[in-house]
Structure formats: C-alpha cells, structure tokens
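Trainee: Give me the fold of what follows.
(chains A, B, C and D)
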Number of protein chains: 2
Amino acid sequence: MTTGTDRSESHGGSPTLEEVAKLAGVSRATASRAINGGTKVSARAQQAVDEAVRRLGYTPNPAARSLVTRRTDSVALVVPEPDERVFTDPFFARTLHVVTRVLSERDLQVVLLIARPGDEEERMLRYLRGRHVDGTIVVSHHRSDSLADHLAALGLPCAFVGRPWSAVDRVSYVDTDNVAGGREATQVLIDRGCRRIGTIAGPADMSAGIDRLEGWRAAMIAAGLPTEAIVHGDFTEESGVAACTALLAAHPDLDGIAVASDLMASGALRVLAAHGRRVPTDVAITGYDDLGIAEHTDPPLTTMRNPIAEMAEEAARLLADQLDGTASPRRVIFAPTLVRRRSA
Amino acid sequence: MTTGTDRSESHGGSPTLEEVAKLAGVSRATASRAINGGTKVSARAQQAVDEAVRRLGYTPNPAARSLVTRRTDSVALVVPEPDERVFTDPFFARTLHVVTRVLSERDLQVVLLIARPGDEEERMLRYLRGRHVDGTIVVSHHRSDSLADHLAALGLPCAFVGRPWSAVDRVSYVDTDNVAGGREATQVLIDRGCRRIGTIAGPADMSAGIDRLEGWRAAMIAAGLPTEAIVHGDFTEESGVAACTALLAAHPDLDGIAVASDLMASGALRVLAAHGRRVPTDVAITGYDDLGIAEHTDPPLTTMRNPIAEMAEEAARLLADQLDGTASPRRVIFAPTLVRRRSA
DNA sequence: CGTGAAAGTGGGAGCGCTCTCACCACCACA
DNA sequence: TGTGGTGGTGAGAGCGCTCCCACTTTCACG
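Mentor: So this is what the prediction gives:
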C-alpha cells in the first residue's frame, strides 16, 4: 500500500497545510501567509514554515485554493482552428512561445485550447464557461465563432490577437494596420511598373484577410488600376497553390500578385514556376507575415513583416493587466514594415 | 446580506448548486445526483433540476468538485522538447490530435505541456506535483529528464509514448520495435546491392534513436559489412543536413544511408543533391516515420512507417484505464512496416 | 506612565461541491 | 400482520484552503 515515508503520509494523500502548520508550530493562518509570501510574518515563523514545507514536500492543493480565491492562476490560449493549421503555421508557435513566457513571469499557467470550428467549439465554450481559467487570449478568430460576444457575456477577461468581429469595445485586442500593410505591399508592385496586378486574399471571415484586401484595393484604385483579379485563400500553402492556379487561369496576363500570406505566396511561387513564369521578371510577388518561410522561398519574398512577438507580448500583458487590477479593455495597434527581398 | 434577486445573480458570482436545488424544489444532494447522471433520481426530480439548470445557466464549479472528488478530469500531454520542434514535427500534431480525441470521449480535458529540457523542466514538474492533472502522457522523452522516475515517485498515473528510460516496469508505455525497423530499413539497402552503408542516427539519449541504430548495426554485421559510418542527428531537418555533410566528408564513397527519421532524410537529400549525387542510383536512402514529408521529397522516401495514430490511441487508453479502475502498468509494442518508394 | 499604532498571530467562518448515511414510503412476500 | 427489500430523498460532514477579525505584544512618543 502506501509505504510509510518519513513523516508525511498521515492519511494516504499529500500533506495538508494543517500538517505543515503543526510541524512548524504555528497556526494554519500563519503557515498560509508564510507560504504565499505574505507580509506580517516573523522571520522565525517564516523559517519554521519553510522548513516544514521542505520536510513534508508540501504542495498547496490548487482546487482548495481556487475554491476560495476564485482564481485558477491559469489562462487559455484559444485557437479556433483545425490542429493541422495550428501545427503548420509558424505564427502559432511564435505566439504560444511568447505568451507563455510573459504569463509565466506572472505565475500564470497557459493552457492551449485548439478547437476546430464547428464540432469542437461547443466543448471549448463549455470549458471556458466552467471557469477553468481566469482569462483567455484568442488568436485567429473567425467571424463565425461569436467568441468575442460569448466571452464578453461571460465576463471572462480576454485579449484578442487580431481585431475581433464583435464586442470591439468590450474586449482588449492587439492588431496591425493590415489596410496600410496591404496598401504598401501593393504599392511596391505598382512602383516597379506592374500594371495587371492580382491578389490572393486571406479568408473573408477574418479581419486580417479583409483588411489586407481593402489595402490592395485602395492602392489599386489610387493608381487607377482595375481591381478584378481577386481570389481568396485560407492562409495555407495549399490554398495558395489553388488560388494562384485559378488566378492565372482567369487572368493569364498578370504581371504582379499581392499575396496575403507568405505561406500562400510560397504555394503561388510553385505554381508560377510550374507555369514557367519567372519571378519577379514576368510576375512580381509580395507576401505577408515574414515568418521564416519568406527567406527560404525561391526567390525570397518581398513581404510585410508583422511584429508578431511584440503583439503576442502586448496581448499577454493586456490580459495580465485585466487579471490583476481592473484595467479596462484597451487596444494596441502595431505597424507592419516592408521587407524587401527578390520577389518584387 | 444576500440580496434576494430574481433568480440568477444572487451574490455577484455564478449560480451555485444550492440555488439550483432551491429552484428545483429538491435538496442539494438530489440536485447533485441529477446533474451527475446519478441513479436513483425520480423522473420528476430529474426534470425539475434540468429545468433549473437551464434557467440559471448553471455550471458546476470545478474547483469545488475536485476538492472533494480528488480528481481534476484533465490530463497533461507532456512534451519535453523546445517548442520549435513541437510545432515543426508532424508527429506531435498527430499525437496530440489522437490523444485529445480519445480522452475527450472519456470527458477528460487535455492540457499540452511543452517544456524545453533544462530551464522549463522544474516548472513542469511543479505543475504535475501540484496535482493539476489526474495523469499524464509523455511523448519524446529523453534520458536526461528523469521524468519516469519522478512520475512513478509521485504516483501520478502515466503512459509513455516510446519506452521510458527508467521505471520501465512501473509505468505504462507503447513503443514500436525500432530495432526491427532499423534492421529492415538497412536490409533494403543491402538487398539492393549497397555495400558502403552509413547511417544518420537519432539522438543517443532517446530510445528510438538508440534502437534504430542498433537495428542498423545488426543488419550490417549480419551482412558482414563495416559499421563505422555513423553520425548522430536530433531528428530535425537541419541536423540531417549537418549529419549528411559530415558523413560524406568522412566517407565519400557511401552508396547507401539509413536515416533514422524522414525529416533528417529530407535534409540529407538536399545535401546529396547539392553534391550532385543521384538518389538512389549513386546513393540509396531510407527514412523513418512516414509522416507525410516522405511522399513529398525528391525522390520520395522509402521508409519505415510507425502506426502513430494507433500508438497514441493506445497510450491514451492505457492512461484512461489507469484513471478509472486500477489497471496496472502495461506495455504495448507495435510493429513498423516498410513503405517502398523511390529513394531505395 | 499612559496611549496609540504597528507587527504578528490564531480562531473560525466559509468557498461549492460530493458522498455517506439515516430515513421514509411503498410494495412484495411469507 | 409482519418483514424485508428497494427506489428515492435530505441532512450534514467534510475536502484544504484563504481571509476577516479579534487579540496580544512590542515599542515609540508624548
């Protein structure tokens, strides 16, 4: 059965605060204060408690603690995307990494919640509603999941990476100026002399997709160029292949394509190569994101860089600030920067 | 004190079981039974409780529940690897996907715990020690993290994917016969007439790495061939590039390489192409894993396929069985199968 | 010497839930 | 008529923790 260890196992489970207090010769309250780094604990008591904790190998029971504090000290990183995408797009890895780093400094545990839109959404909401976490960071939010509304209704603190679809004034978020970015990327193509410019846009149910397309359109209109050649993808490489194929079929005379993500641009490059179009001589290409792949495509992509790390960091901070104290929802907008390489 | 509001918000928080019970006109105990699908509840009581739950939007407080049940209904998927790797190697995505599916059928929440060996290990152990989860599945376990020992000491139910380094008889695990797989892959090279065969082995601190190397060695010795050309990688593509470069430098006359992972083999193929060696004519290559990349390399890889999904599923089941009931630690070994493509 | 504040402490009341146990009503069977 | 189930129920005792509050001691200051 339970092998009798030195002094801990009194009732089969792990040691309780009560036992620590007894061993340290103080009250439960004092032991609690000492353990939680509370003030008003004499050096002697502190030392006795520390020693008792060490001897017993005590770990506070998180359930008991959060029952009274009403905090769980953990937050969810919610990604309403199929796991294939999450594990493919480097954006998520970077974001998770940064968010975890920032939040663990505040002693918050990050729980990754990946929920394929549709079937797994309900389960995720149930989890959030169950108050398993103190707050959430939502990444890659789509129009269809009314996540922002749900979270706002729940009163669960949250921060979005990318402008939410609803409850815009009730939740915190970070975003980049995707309209400006889309415009700037397109302008690069215009400036180098392209005149028949298409775009492979992002999904029409994500703000980043819509905004970048809007930027493209603005630049095109300002230059007096036609804005017909539009195909939507879903930010994946495969969708870039499909979109580029469709684009070339419908508009064989294109001499430039503004693509809304590097991954899609990489797919587009493969299609162009297969069609024997030289990049950038025959067709110039711009990507978007600059997350690593952009340097390794052939040719390397001229692209817009988003300050992903800074954004994730800021989102984490926005959330953390809401958790301790009652900071009201805020928004922070970052600017993308142009990175010139060889594709345009 | 408690303001008698209409029916929901009585004290600012979410509704409690007490309130549900009152609204349903039953006792707290009956309400609890009804909610937890307990037996011995009359149809009338059940219906009244259901209705009250619906009206109040009641969700049980998980902290209160696990304080008494001593269960958290969640398990950790522990990956002692830097997040770069986790988000790069499709193996993890597949495993996470399957594990989540199987365990969510048993109403268990999966928490992904990625801990870079060394600096983040302690934090992870603290989490596990804190009994935040009922059990763990450990994937990609290295010799240095004495995870198996720690978990066994904690008495935390666990299942390893890949044979653990210690406590082999105290924890459940699934594994494949990597020795046989390594042997079979090497035999393919031998059978096609290769005589100067090297290997790019996996890390020497992972059982899969060691076992596959042992299989290679066994096949080579059985065929009376020399076993000098060995370089270790860490299963990543970059390490494959480095290893292959080193291998070619030391043994320029190689006509076959058994590589311990497809990702590394993909790197090796790039190096060979850069050196102008044709595959398989000049140098034949075998990979290992068959996780998707193998089909898309040039040429496609002849490789050993591990039944990843089945393994993950079995691991999840092994864990689940330990959680309910007291199934003792078991082990399940799967067999890899040869997949012939063009690289050998 | 009185007096107030500050520092340190312990008692005790919960947090919201589950689960044991005693109990009641009802029926079947002897 | 008793006697033993059996389905259904509620009172109440915690689970292990935090935190409020009342208390004691110490010490500086008038």
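Trainee: I figured residue A:262 hits residue A:296, correct?
Mentor: No - with contact defined as CB atoms under 8 Å, residue A:262 does not reach residue A:296; the gap is 9.8 Å. No exception for glycine: its C-beta is placed from N, CA and C like everyone else's.
Trainee: which residue sits closest to the residue nearest in space to the middle of chain A, ignoring its sequence neighbours?
Mentor: Closest to where the C-alpha atoms of chain A average out (CA atoms, centre = their mean) is residue A:139, at 3.8 Å. Once flanking residues are discounted, residue A:139 sits nearest to residue A:161: 4.6 Å by CB to CB, 6 or more residues apart in numbering or on different chains.
Trainee: do the same with residue A:312
Mentor: Using CB to CB, 6+ apart and skipping the chain neighbours, the partner closest in space to residue A:312 is residue A:98 (3.8 Å).
Trainee: what kind of secondary structure is the one you found in?
Mentor: Following DSSP: H, G, I helix; E, B strand; the rest coil, residue A:98 is assigned to helix.
Trainee: same check, this time on residue A:175
Mentor: Classification of residue A:175 by three-state DSSP places it in strand.
Trainee: contacting residues around the closest residue to it other than its chain neighbours?
Mentor: By the measure of CB to CB, 6+ apart, the closest residue to residue A:175 outside its immediate chain neighbours is residue A:163, 4.5 Å from it. Residues in contact with residue A:163 (CB atoms under 8 Å, 6 or more residues apart in numbering or on different chains) are A:173, A:175, A:207, A:331.
Trainee: The residue nearest to residue A:312 touches residue A:314, doesn't it?
Mentor: No - counting by CB under 8 Å, no contact exists between residue A:98 and residue A:314, whose distance comes to 9.6 Å.
Trainee: so, in contact with chain B or not, the lowest-mean-pLDDT helix or strand in chain A?
Mentor: Least confident helix or strand, chain A: helix A:83-86 with a mean of 81, by mean pLDDT, DSSP states H and E. Yes - shown here: helix A:83-86 in contact with chain B (CB under 8 Å from any CB of the partner chain) through A:83, A:84, A:86.
Trainee: Buried residues, that helix. List them.
Mentor: For helix A:83-86, the neighbour count (16 or more other CB atoms under 10 Å in any protein chain shown) marks A:83, A:85, A:86 as buried.
Trainee: Run through the neighbouring helices and strands of that helix.
Mentor: helix B:90-105 (3 or more CB pairs under 8 Å, 6 or more residues apart in numbering or on different chains; DSSP states H and E).
Trainee: quick one: the helix it packs on to chain centroid distance?
Mentor: In terms of CA atoms, centre = their mean, to the nearest Å, the gap separating the centre of helix B:90-105 from the centre of its chain is 8 Å.
Trainee: list the contacts for residue A:314?
Mentor: Shown in contact with residue A:314 (CB under 8 Å, 6+ apart): A:174, A:332, A:334.
Trainee: give me that answer again for 7 Å
Mentor: Going by CB atoms under 7 Å, 6 or more residues apart in numbering or on different chains, residue A:314 touches A:174, A:332.
Trainee: so is it in a helix, a strand, or just coil?
Mentor: helix.
Trainee: hmm, back to that, quick one: which of residue A:262 and residue A:296 has more around it?
Mentor: When residue A:262 and residue A:296 are compared on other CB atoms under 10 Å in any protein chain shown, the one with more neighbours turns out to be residue A:262, at 30 against 10.
Trainee: residues touching that one, list them.
Mentor: Going by CB under 7 Å, 6+ apart, residue A:262 touches A:287, A:288, A:289, A:290, A:291, A:293, A:294, A:301, A:303.
Trainee: Contact residues of the stretch 51-200 of chain A facing DNA strand C?
Mentor: Of all the residues in the stretch 51-200 of chain A, those in contact range of DNA strand C (CB under 7 Å from any atom of the strand) are A:64, A:67, A:68.
Trainee: Narrow those residues to just the buried residues.
Mentor: Neighbour-count burial within these applies to A:64, A:67; the criterion is 16+ other CB under 10 Å.
Trainee: and of the residues of the stretch 51-200 of chain A next to DNA strand C, the nearest to residue B:143?
Mentor: Comparing these against residue B:143 with CB to CB picks out residue A:64 as the nearest, at 36.4 Å.
Trainee: tell me which element the closest one is part of?
Mentor: With secondary structure defined by DSSP states H and E, residue A:64 is part of helix A:62-69.
Trainee: ok, now which ones touch the residue in the stretch 201-344 of chain A that chain B sits nearest to?
Mentor: Nearest to chain B in the stretch 201-344 of chain A, going by CB to the nearest CB, is residue A:292, at a distance of 10.3 Å. Shown in contact with residue A:292 (CB under 7 Å, 6+ apart): residue A:90.
Trainee: and residue A:88, which of the three is it?
Mentor: Of the three states, residue A:88 takes coil according to three-state DSSP.
Trainee: Can you verify my assumption that residue A:142 contacts residue A:82?
Mentor: No - counting by CB atoms under 7 Å, residue A:82 is not a contact partner of residue A:142; they are 11.6 Å apart.
Trainee: so which helix or strand takes in residue A:49?
Mentor: helix A:43-56.
Trainee: returning to what we had before: report the separation between the residue nearest to residue A:175 and chain B.
Mentor: As defined by CB to the nearest CB, to the nearest Å, residue A:163 lies at a distance of 25 Å from chain B.
Trainee: repeat for residue A:77
Mentor: 10 Å.
Trainee: Which parts of chain A are strands?
Mentor: Counting by DSSP state E, chain A has these strands, from start to end: A:74-79, A:109-114, A:135-139, A:158-161, A:172-176, A:197-201, A:230-232, A:256-259, A:284-286, A:303-305, A:331-334, A:337-339.
Trainee: circling back to that earlier point, which one among the residues of helix A:83-86 next to chain B gets closest to DNA strand D?
Mentor: Checking those against DNA strand D by CB to the nearest atom of the strand gives residue A:86 as the nearest, at 34.3 Å.
Trainee: can you pull the contacts of the closest residue to that closest one other than its chain neighbours?
Mentor: Spatial nearest neighbour of residue A:86, chain neighbours left out: residue A:92 (4.9 Å); criterion: CB to CB, 6+ apart. Residues counted as contacts of residue A:92 (CB under 7 Å, 6+ apart) are A:79, A:86, A:139, B:87.
Trainee: Sort the residues you listed by pLDDT and name the bottom one.
Mentor: Sorting the contacts of residue A:92 by pLDDT puts residue B:87 at the bottom of the list (79).
Trainee: Give me the distance between the closest residue to that one other than its chain neighbours and residue B:81.
Mentor: With sequence-adjacent residues excluded and distances taken as CB to CB, 6+ apart, residue B:87 is closest to residue A:93, at 3.5 Å. In this view, residue A:93 and residue B:81 are 12 Å apart by CB to CB, to the nearest Å.
Trainee: now residue A:26
Mentor: 42 Å.
Trainee: can you redo the strands of chain A as a markdown table with distance to residue A:42?
Mentor: Shown next, in a markdown table, are these (distance: least, CB to CB, whole Å):
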| stretch | distance to residue A:42 |
| --- | --- |
| strand A:74-79 | 32 |
| strand A:109-114 | 32 |
| strand A:135-139 | 36 |
| strand A:158-161 | 41 |
| strand A:172-176 | 41 |
| strand A:197-201 | 66 |
| strand A:230-232 | 67 |
| strand A:256-259 | 66 |
| strand A:284-286 | 66 |
| strand A:303-305 | 55 |
| strand A:331-334 | 44 |
| strand A:337-339 | 55 |
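Trainee: Name the stretch among these that sits most buried.
Mentor: When you average the neighbours per residue for each of these (mean count of other CB atoms under 10 Å in any protein chain shown), strand A:256-259 leads with a mean of 32.
Trainee: From the contact counts, what lies against that one?
Mentor: Applying 3 or more CB pairs under 7 Å, 6 or more residues apart in numbering or on different chains; DSSP states H and E, one finds that strand A:256-259 contacts helix A:178-191, strand A:197-201, helix A:262-274, strand A:284-286.
Trainee: mind running it again at 8 Å?
Mentor: Packing partners of strand A:256-259 (3+ CB pairs under 8 Å, 6+ apart): helix A:178-191, strand A:197-201, helix A:237-250, helix A:262-274, strand A:284-286.
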